[in-house]
Structures are given as C-alpha cells and as structure tokens.
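In: Quick one, fold the following:
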Amino acid sequence: MFHVEHLLKTLLPGLVSRPVMEKFEVIKTEYFKWNKVYNISSIKDEEGFWIKHVVDSLCLASYIYKEFQGNIKILDIGSGGGFPGLVLALALDNKISMVEPVGKKTGFIEHIILKLGLKNAEVIRSRYEDIKKVSDDFLLVSRALGNYQDLKKHFLEIKPDVKLIVMTTNAIARKTSGKVIDAPYAIVQQELQGALIGHVLLEI
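Out: Numbers count the residues shown, from 1 in each chain. Prediction:
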C-alpha cells in the first residue's frame, strides 16, 4: 500500500502498523467523500493524500516521538481537515487538540474522531488568537498557516518557553536566509531527509 507501511516501520518502529493502516484507509475513504462536497482540502488524488497528508505528518510524528516524550499536549494550529493532527493522534499517545475556525473542516475532524474512537484527540473550533489558556504543558505544531511569528508571539504570553514546530515547504524555507515569514528558524528534521516529501520541519 503505497510506501506508508514501510515508513511507519522506519519512522515509528514501535507502532503496530496493520491496525493503523486500516484506520488510515478509513480516513482516506471519508476524506474523499467529504472533499467532493465540502472542499476540505486542495488535495484531490489518492497519491497526494498519502504523500502530502499522511507521510509528511508521520515524519512530524516521528520527530515528536523522539524529542518530546512524556505527557506533553500537542496543539495543531490551523489544522484544516485534520492534518497533521489526525495522523499524530493515530501515531502517538499524546493528547492532540486540533484548532481550526472553519466549520466544515471541524465537522470532518469530529466525524473521524467519532468514527475511529480516538480518545486522545479533540477539535477546537476557534481562531488561535482566541485561545487564552492551555491547562498543561504543550507543544505547538502548524502546517502552512502563514504568519508564524504572530502565532508564536501569542502563545509565548501563555507559556514563556513554548516551542513551535512548523511544517512548511522547501520553497518558503529558502525564501530568505534564516527566516520564514520574518521569524528566525532552525531546521530540525535532518534525520528525516528522503522521507519528508515537499516539506521541512522547522523550530521557530
């Protein structure tokens, strides 16, 4: 099945791949049903779904698993149709909160959470600017949101040492020297080169 199962074994060797792959298939089926009606994402083909939604998200899951063990909560900001958040919820034991303001997208995420019985996932229909409090230790992740400097500035007021891990395109990462949307960054996924397709992981 594409090359996702191989990557699961490579990136997250402790994961039991078969049940997870069956759940990815459920997400894929439901995604294409919903996308025809609600335009959840611009990804319209199956290969794009696996590469751009699942594989990239698994690379982020692998990095989080290695670097942020324990009970850290993950906030996926601007989750869209639930990527990377839904993939993180399947791959990790951490609590995943997906923050997304668009109702048709949060509706899809809620549908998948219920269909798969994901106990470690929730969706928050909100703009990130409206979040004023987070109850425990947390890590921010975001994919193609845009203004990362303002995003981190907002959450620094909640947690002074908050970490923000961004999935962004290689083109944006190369746009200026040492900056993404006027925010200094460090590339953090060197060990994932060759697996991460079309994106890089940055800490801002």
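In: Output the below-cut-off pLDDT ranges for the chain.
Out: In the predicted model, the chain carries pLDDT under 70 at residues 1-3, 15-18, 70, 170-183, 190-198.
In: what residue is smack in the middle of it?
Out: Geometric centre of the chain, nearest residue: Pro84, 2.2 Å, by CA atoms, centre = their mean.
In: ok, that one to Lys153 distance?
Out: The gap separating Pro84 from Lys153 is 22 Å, by CB to CB, to the nearest Å. From N, CA and C alone the C-beta is placed, and that goes for glycine too.
In: same for the helix ranked longest in the chain, what does it pack against?
Out: Using DSSP state H, we find that the single longest helix of the chain is helix 17-38. Other elements packing on helix 17-38 under the criterion 3 or more CB pairs under 8 Å, 6 or more residues apart in numbering; DSSP states H and E are helix 4-11, helix 85-91, helix 103-116.
In: Need the winner for burial among those.
Out: For the helices and strands packed on helix 17-38, average neighbour numbers computed from mean count of other CB atoms under 10 Å are highest in helix 85-91, which has a mean of 26.
In: roughly how far is that one from the heart of the chain?
Out: Relative to its chain's centre, helix 85-91 lies at 8 Å (CA atoms, centre = their mean, to the nearest Å).
In: Which residue, other than its chain neighbours, is closest to the residue nearest to the centre of the chain?
Out: Ser57 (3.5 Å; CB to CB, 6 or more residues apart in numbering).
In: Just list the residues touching that neighbour, thanks.
Out: 83-84, 86-88, 91, 167 (CB atoms under 8 Å, 6 or more residues apart in numbering).
In: want to throw the helices and strands packed on helix 17-38 into CSV with distance to Gly78?
Out: Converted to CSV, these look like this (distance: least, CB to CB, whole Å):
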stretch, distance to Gly78
helix 4-11, 23
helix 85-91, 10
helix 103-116, 10
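In: Out of those helices, the one nearest Ile158 is which?
Out: The closest of the helices and strands packed on helix 17-38 to Ile158 is helix 85-91. By CB to CB, the value is 19.0 Å.
In: Just the CA atoms of the closest one, as CSV, please.
Out: C-alpha atoms of helix 85-91 as CSV (Å, rounded to 0.1, in the frame of the first residue of the first chain):
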residue,chain,number,x,y,z
GLY,A,85,-3.5,16.3,13.8
LEU,A,86,-5.4,13.1,13.0
VAL,A,87,-2.2,11.3,11.9
LEU,A,88,-0.5,12.4,15.1
ALA,A,89,-3.4,11.1,17.1
LEU,A,90,-3.1,7.7,15.5
ALA,A,91,0.7,7.5,15.7
